[in-house]
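>>> Structure, please.
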Amino acid sequence: MLKKARYQNKIELLQGTLDLLILQTLQWGPQHGYGISQQIRTNSGEVLQVDTGSLYPALHRLERQKAIKSEWKVSENNQQVKVYRLTANGKKQLADERSRWEQLSEGIERALNPQKLEGEA
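Numbers count the residues shown, from 1 in each chain. Presented below is the predicted three-dimensional model:
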């Protein structure tokens, strides 16, 4: 029962939305995996929390698609970390995915508030 309650407030990301969030985060500069998840959490006002079980498969998928590249670096804590950065292909993919997201969110807004649109006509 406790486990079920824990997930009631969890917001599931739509398929592909995590890729969009990762690409947008990397638009602001190279970052390691933990940094990406923290930035998504912070920028969403603590609403979105990306766990490692979702983040790393998405990073690997984006790397296979050549949207991002990675390299090993030494962190400020003197530990080896894999740092990801956006590629030219990733910048194009980000623009395409942002456009699709804007269309989707506009469609959802229209479906939820059809009376709002009637007043605009």
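
>>> Helices of the protein, residue ranges please.
Counting by DSSP state H, the chain has these helices, from start to end: 2-7, 17-27, 33-43, 52-64, 88-112, 114-120.

>>> highest average neighbour count across those helices?
helix 17-27 (a mean of 20; mean count of other C-beta atoms under 10 Å). Placement of C-beta: from N, CA and C, glycine included.

>>> on contacts alone, who are the packing partners of that one?
Applying 3 or more C-beta pairs under 8 Å, 6 or more residues apart in numbering; DSSP states H and E, one finds that helix 17-27 contacts helix 33-43, helix 52-64, strand 68-74, strand 80-86, helix 88-112.

>>> Please save the CA atoms from it in CSV.
Output of helix 17-27 as CSV, limited to C-alpha atoms (Å, rounded to 0.1, in the frame of the first residue of the first chain):
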residue,chain,number,x,y,z
THR,A,17,9.7,13.6,-23.7
LEU,A,18,12.8,12.5,-21.8
ASP,A,19,14.8,12.8,-25.0
LEU,A,20,13.6,16.3,-25.5
LEU,A,21,14.4,17.3,-21.9
ILE,A,22,17.9,15.8,-22.2
LEU,A,23,18.6,17.5,-25.5
GLN,A,24,17.4,20.8,-24.1
THR,A,25,19.5,20.5,-21.0
LEU,A,26,22.6,19.8,-23.1
GLN,A,27,21.8,22.8,-25.2
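
>>> Give me the angle between it and strand 80-86.
Orientation check (axes from the mean of the first three to the mean of the last three C-alpha atoms, to 10 degrees): helix 17-27 against strand 80-86 gives 90 degrees.

>>> Give me the residues contacting helix 17-27.
13, 31, 36, 39-40, 43, 48, 50, 54-55, 58-59, 61-62, 67-68, 84-86, 90-91, 93-94, 97-98, 101 (C-beta atoms under 8 Å, 6 or more residues apart in numbering).

>>> Lowest mean pLDDT among the helices and strands of this protein, which one is it?
helix 2-7 (a mean of 46; mean pLDDT, DSSP states H and E).

>>> Show the pLDDT at residue 121.
You'll see residue 121 listed with a pLDDT of 53.

>>> swap in residue 77?
Looking at residue 77, its pLDDT is 89.

>>> Residue 18 too?
We note a pLDDT of 94 for residue 18 in this prediction.
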